[in-house]
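*Asks:* next come a sequence and a model predicted from it.
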Amino acid sequence: MNGLYNSGVIAATATSDNGNATLVTPQATNAVGIIVGLNTTVPTILNDTTGTISAATGGPAGGSAIAISIMSSATLPTLTNLSTIS
């Protein structure tokens, strides 16, 4: 198979909880599980029956959570999901 095969866990997490910091305020945080970068070709992503691709963010300032990000001029012709992408 040419591409990315997942039968496990690909996960990204981020938090804006900075309880130990004293001089800065919480800032929004971002979490991205997979990035298909600029001018990149990934022929396929197969997330098999036991696979999980996820992203989560938390804390007081929130943020964005993106399981799969496909950047401009990137190519991903096929995405097969047989389980969980969240």
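*Replies:* Great, that's in hand. Please read these numbers as outputs of a predicted model, since none were measured by experiment.

*Asks:* strands along this structure, start to end?
*Replies:* Ranges of strands within the chain are 4-6, 9-15, 29-36, 44-47, 52-58, 63-70, 78-81, 84-85, based on DSSP state E.

*Asks:* next, format those strands as CSV and append mean neighbour count.
*Replies:* Quick note: C-beta positions are derived from backbone N, CA and C, even for glycine. Output for the strands of the chain, formatted as CSV (neighbours: other C-beta atoms under 10 Å):
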stretch, mean neighbour count
strand 4-6, 17
strand 9-15, 16
strand 29-36, 17
strand 44-47, 19
strand 52-58, 18
strand 63-70, 17
strand 78-81, 13
strand 84-85, 16
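
*Asks:* can I get the ones you listed in TSV with distance to Thr22 and mean pLDDT?
*Replies:* Formatted as TSV, the strands of the chain follow (distance: least, C-beta to C-beta, whole Å; pLDDT from 0 to 100):
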stretch	distance to Thr22	mean pLDDT
strand 4-6	40	98
strand 9-15	17	97
strand 29-36	19	97
strand 44-47	42	98
strand 52-58	21	97
strand 63-70	21	98
strand 78-81	44	98
strand 84-85	38	98
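
*Asks:* can you redo the ones you listed as a markdown table with distance to Ala21?
*Replies:* Output for the strands of the chain, formatted as a markdown table (distance: least, C-beta to C-beta, whole Å):
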| stretch | distance to Ala21 |
| --- | --- |
| strand 4-6 | 35 |
| strand 9-15 | 12 |
| strand 29-36 | 13 |
| strand 44-47 | 36 |
| strand 52-58 | 16 |
| strand 63-70 | 16 |
| strand 78-81 | 38 |
| strand 84-85 | 33 |
